[in-house]
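Chemist: Here is a sequence with its predicted model. Questions after.
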Amino acid sequence: MAGERLLGRVTARGGERLLGWLVLAAVVASAVMSLAVAPPDVEQRNAQRLMYVHVPAAWLAYLAFAVVFVASAAYLVTGRWRWDRLAAASAEVGVLFTALTIVLGSIWGKPVWGTWWTWDPRLTTTAILLLIYVGYLAVRRLPNSPGRRARWAAVVGIVGFLDVPIVHLSVTWWRGLHQGPSVRLLGAPTIAPVMLAALLVGVLAFTLLYLYLVTLRLRVGRLEERALAEALSPRVGERPEVLLEARDIEARGLEAVGAGDAPAEGRAGPAHGEAVAADRGTPGTAGPGVGSGG
Amino acid sequence: MDSLWGYAIAGYVLTAVAIGGYVAALHYRARRARQRAAAVAARRRPSRPAGSCSP
């Protein structure tokens, strides 16, 4: 598939390094635009400069969870591990940026609204969004067969995305403290052109940053799976996908033949524990001989 | 209302620390996974010829 080939090309080490430099340049440009070029707001003064980070972080969270949604659906349809890995990577980055959005909004809210937090619809739905995807990451760490865990996570990733449009439209649906959108797809923006330029550069920088972080996180996921494969496979260098498939088939086979919970746990349990350990990167529990390498 | 630079700077510093910390954590995890895989592979290689169970 062309999409998978493109993903593979971007996630190659050379592409990752180039992307890293692009991100650095874009972040520096964004910092200059938002801290030096854009003027302070008449009423909010310099606290308004936080919007050049807060808004792109929120956009990034939307994008990250949209990718989780698409990758989760693709995993359920195709059963390919790479989609599950992409969903996991994007969710982790999305959680980071959702938390940043909330904290930055809180820092801005103190001088402008006079409070760090209020149960405004936008704030509340965003906090729920954060909890949903923290829950998603928790599901990914449940001790279970890799295939079943990936399926559960995919379902949470799809259902959880329902909150994203609710967060976005909350300022339109309900009356609250949070202001409405300043930039619309249709109609003129309600902010000065130089402020709009600073905001757009911030959005570009954060989008590149998202691509870089997901690329890096995908590489980490592959390396951790490879380390697990090295630890468990009889042949050194076994592909991690093969190992995951084999263990998943083994676990499902045990269930299918009615081996019962206790024997299934007895045989498949340690393997599941090791999979969890690999996700968490805990060397002490990742299998015999692995701890000494960490 | 004063110039409120303190809030802006605090927000930018926090963002830099959060993202920088996450990138550093990912690099650390990658290095540790590579070391683990290399350690296991190195432990297996010399032991395989010596495993004289098979005829």
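Modeler: Perfect, I can see it now. Numbers count the residues shown, from 1 in each chain, chains lettered A, B, ... in the order given.
Chemist: so what pLDDT did residue 26 get?
Modeler: All of this refers to chain A. Looking at residue A:26, its pLDDT reads 96.
Chemist: ah, I was thinking of chain B
Modeler: The model reports residue B:26 with a pLDDT of 95.
Chemist: The host helix or strand of residue A:74 and chain B in contact?
Modeler: Here residue A:74 is covered by helix A:51-78, with elements defined by DSSP states H and E. Yes: for helix A:51-78, a contact with chain B is found by CB under 8 Å from any CB of the partner chain, at A:53, A:54, A:57. All C-beta spots, glycine's among them, are computed from the backbone N, C-alpha and C.
Chemist: So which residues on chain B come close to chain A?
Modeler: B:1-5, B:7-8, B:10-12, B:14-15, B:18-19, B:22-23, B:26-27, B:29-30, B:32-41, B:43-45.
Chemist: Report how many residues lie close to residue 31.
Modeler: You didn't say which chain, so I picked chain A. Using other CB atoms under 10 Å in any protein chain shown, residue A:31 has 19 neighbouring residues.
Chemist: Let me rephrase: I mean chain B.
Modeler: For residue B:31, using other CB under 10 Å, the count is 12.
Chemist: For chain B, which segments count as strands?
Modeler: Counting by DSSP state E, chain B forms no strands at all.
Chemist: so where's it uncertain?
Modeler: Within chain B, the ranges that satisfy pLDDT under 70 run B:1-2, B:46-55.
Chemist: Among the residues of chain B next to chain A, name the buried ones.
Modeler: Neighbour counting by 16 or more other CB atoms under 10 Å in any protein chain shown classes B:4, B:7-8, B:11-12, B:14-15, B:18-19, B:22-23, B:26, B:29-30, B:32-33, B:36-37, B:39-41, B:43-44 among these as buried.
Chemist: in stretch A:80-92, what's buried?
Modeler: Using 16+ other CB under 10 Å as the test for burial, stretch A:80-92 gives A:81, A:82, A:83, A:84, A:85, A:86, A:87, A:88, A:89, A:90, A:91, A:92.
Chemist: which residues make contact with stretch B:4-22 from outside it?
Modeler: A:31, A:35, A:44-47, A:49-50, A:53-54, A:57, A:96, A:99-100, A:103-104, A:107-108, A:110-111, A:209, A:213 (CB atoms under 8 Å, 6 or more residues apart in numbering or on different chains).
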